[in-house]
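> Pasting the sequence and the predicted coordinates here, then a few questions.
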Amino acid sequence: MGAADHDPDRRADLGSVHGDRDDELLHGPIRRLSASARRLSEVGDLSAMGRLPQVTNDEVGTLTTNVNRVLDDLESLTAGAQAVARGDLSVAIVGAGELPDAFRSMVEQLHEVVLQIRETSIGLATAASEIHAATSEQERAADRQSAGMRSLGQVMTRWRAPPRRSRVRPRACSRTPRAR
């Protein structure tokens, strides 16, 4: 350690010369990363966040690149979720990890539910058609039975009624021959 390392005033002077530049190079990107993470957690809007510029090629630059990749992955998943919310189950969720796997599983399960609903709807339509046909046949059978009962009732009414006497008088016989 040199003499400047033990003298606080000397360190402050050196820090003011070199420290501001070094501080900005090191802490500037970290502050931007922190501010972006805070905006994301407070607002939750990925589209409002721009990508962070990579200004260094050190660990901070690598961290910036990785944060940008995470943001890209989250935007891709968000776009996929929005497509599914609009009813598009053909969306392809890309990426590796728990979150993309969970999204893919969700889309597959929703697709299965839609297929089951479609099959159930077809089955219900078929059953409704069969019920309608059976009901129509029963209605026709009831109409035929009703017509048969009316005919039978008319026959029974005639059979029970006393015979009618004819009001036609017999013709008187004339003893004179007719001229031919």
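Yep, it's here. Numbering: from 1, shown residues only.

> hey, where'd the helices end up in the protein?
Along the chain, the segments classed as helices by DSSP state H run 3-6, 8-14, 20-43, 59-85, 98-160.

> The shortest one - what's its average pLDDT?
Predicted confidence along helix 3-6 averages 50 (mean pLDDT).

> nearest to R51, of the helices of the chain?
Closest to R51 of the helices of the chain, according to CB to CB: helix 59-85, at 4.9 Å. Backbone N, C-alpha and C define where each C-beta goes, glycine included.

> what angle do that closest one and helix 98-160 make?
Per axes from the mean of the first three to the mean of the last three CA atoms, to 10 degrees, the angle that helix 59-85 makes with helix 98-160 is 10 degrees.

> Who are the packing partners of helix 59-85?
helix 20-43, helix 98-160 (3 or more CB pairs under 8 Å, 6 or more residues apart in numbering; DSSP states H and E).

> quick one, domains of this structure?
The chain breaks down by automatic domain parsing into domains covering 1-88, 92-152.

> Turn those into CSV, columns for distance to R158 and mean neighbour count.
Output for the domains of the chain, formatted as CSV (distance: least, CB to CB, whole Å; neighbours: other CB atoms under 10 Å):
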stretch, distance to R158, mean neighbour count
domain 1-88, 70, 13
domain 92-152, 11, 11
